[in-house]
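Peer 1: Just a sequence and a predicted model for now, questions to come.
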Amino acid sequence: MNAEIVARLEETFAPPIDLPPEEIQLDDEELVRMDRIMREFAELLANRRSRGLDEPMRLPPKNKLERD
């Protein structure tokens, strides 16, 4: 489930928009979709904290990533 949420966040927020914030306009469908994804992400974080997993998620050391 975590990978699915991350994939959806990446899909929603990438690539970056090269417009100033005041020029960005989202339609209702996009706003509802973003709200739903952010609520799911907040729920995921709350679940981690309730299980005592409130330390930040960290990437493995760079040299480990290169070996894999």
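Peer 2: Perfect, I can see it now.

Peer 1: So Leu19: helix, strand or coil?
Peer 2: Secondary structure, DSSP: H, G, I helix; E, B strand; the rest coil: Leu19 is coil.

Peer 1: neighbours of it, just the number please.
Peer 2: By the criterion of other CB atoms under 10 Å, Leu19 has 9 neighbours. Using the backbone N, CA and C atoms, a C-beta is placed for each residue, glycine as well.

Peer 1: and what of the one 10 residues further on?
Peer 2: Residues within reach of Glu29, counting by other CB under 10 Å, total 8.

Peer 1: Name the residues of the strand or helix carrying it that come out as buried.
Peer 2: Counting by DSSP states H and E, the element that carries Glu29 is helix 28-50. Neighbour counts using 16 or more other CB atoms under 10 Å place Ile37 of helix 28-50 among the buried residues.

Peer 1: so is Gln25 in a helix, a strand, or just coil?
Peer 2: Per three-state DSSP, Gln25 ends up coil.

Peer 1: And the spatially closest residue to Asn2 that is not a sequence neighbour, how close does it get to Leu26?
Peer 2: Of all residues not flanking Asn2 in the chain, Leu44 sits nearest, at 6.8 Å (CB to CB, 6 or more residues apart in numbering). Leu44 sits 23 Å away from Leu26 when distances are taken as CB to CB, to the nearest Å.

Peer 1: Equivalent analysis for Asn47, please.
Peer 2: 28 Å.

Peer 1: again with Ala42
Peer 2: 19 Å.

Peer 1: Check Gly52 too.
Peer 2: From Gly52 over to Leu26 (counting by CB to CB), the distance is 36 Å.

Peer 1: same thing with Arg33?
Peer 2: 9 Å.

Peer 1: Any stretches of the protein with poor pLDDT?
Peer 2: 1, 13-17, 53-68 (pLDDT under 70).

Peer 1: Repeat the analysis, applying 90 as the threshold.
Peer 2: 1-38, 40-68 (pLDDT under 90).

Peer 1: dump the residue contacts of Arg33.
Peer 2: Thr12 (CB atoms under 8 Å, 6 or more residues apart in numbering).

Peer 1: before we move on, the earlier item: which of Gly52 and Leu26 has more residues huddled nearby?
Peer 2: Leu26 (10 against 7).
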